[in-house]
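*Asks:* Sequence and computational prediction follow.
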Amino acid sequence: MQFIVTKFGKPFTDAGFGNRFRKWCDEADLAQCSAYGLRKVAAVRLAEAGCSEREIMAITGHRTSRQVAYYTRSVNQKTLSNSAMDKIIAEENRNRSVPLSEAVEQSGTVSTPRTLKA
């Protein structure tokens with residue numbers, strides 16, 4: 001199903017659409033934009049939102065997951081590194097204990113040293 005067609009009512013070729021999109025961007029003073037760039041941004045944002053490769057392919061029109069993986073690799077790397085660091089921090093916090101003297105002072109409890117009788 002074609003939503004955008006040429007002035008002749010025919011579907012754009014890949015190259016034809018890229019060229020026409022370039023003209024639309026130039027006419028709108030958006031020289032920094034391109035169809036390729038917007039497609040890449042869409043793939044990255046979908047990956048950041050947690051979409052699967054298949055979901056991303058459905059939106060961007062990529063034909064293989066290999067193409068999508070190229071765009072989402074950095075997102076996956078960032079997600080995995082954040083997850084790894086969270087695990088390290090959780091492990092450090094789990095092994096951390098508060099020295100008894102600090103706990104007593106903070107609670108306001110007065111402790112008197114006991115001596116052991118032999």
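*Replies:* That came in fine, so what should we check first?
*Asks:* pLDDT of stretch 70-88, averaged?
*Replies:* Averaged across stretch 70-88, the pLDDT comes to 86.
*Asks:* how about that stretch: buried residues?
*Replies:* 71-72, 75 (16 or more other C-beta atoms under 10 Å). From N, CA and C alone the C-beta is placed, and that goes for glycine too.
*Asks:* before we move on, what about stretch 45-63?
*Replies:* Those would be 46-47, 51, 53, 56-57, 60, 62, for stretch 45-63 by 16+ other C-beta under 10 Å.
*Asks:* Out of the buried residues of stretch 70-88, the closest to residue 89 would be?
*Replies:* residue 75 (21.4 Å; C-beta to C-beta).
*Asks:* helices or strands up against whichever strand or helix holds that closest one?
*Replies:* Assigned by DSSP states H and E, residue 75 belongs to helix 65-95. The contact analysis (3 or more C-beta pairs under 8 Å, 6 or more residues apart in numbering; DSSP states H and E) places helix 65-95 against helix 35-48, helix 53-60.
*Asks:* Might one say that residue 60 is in contact with residue 54?
*Replies:* No: contact criterion C-beta atoms under 8 Å: residue 60 and residue 54 do not qualify, at 11.2 Å.
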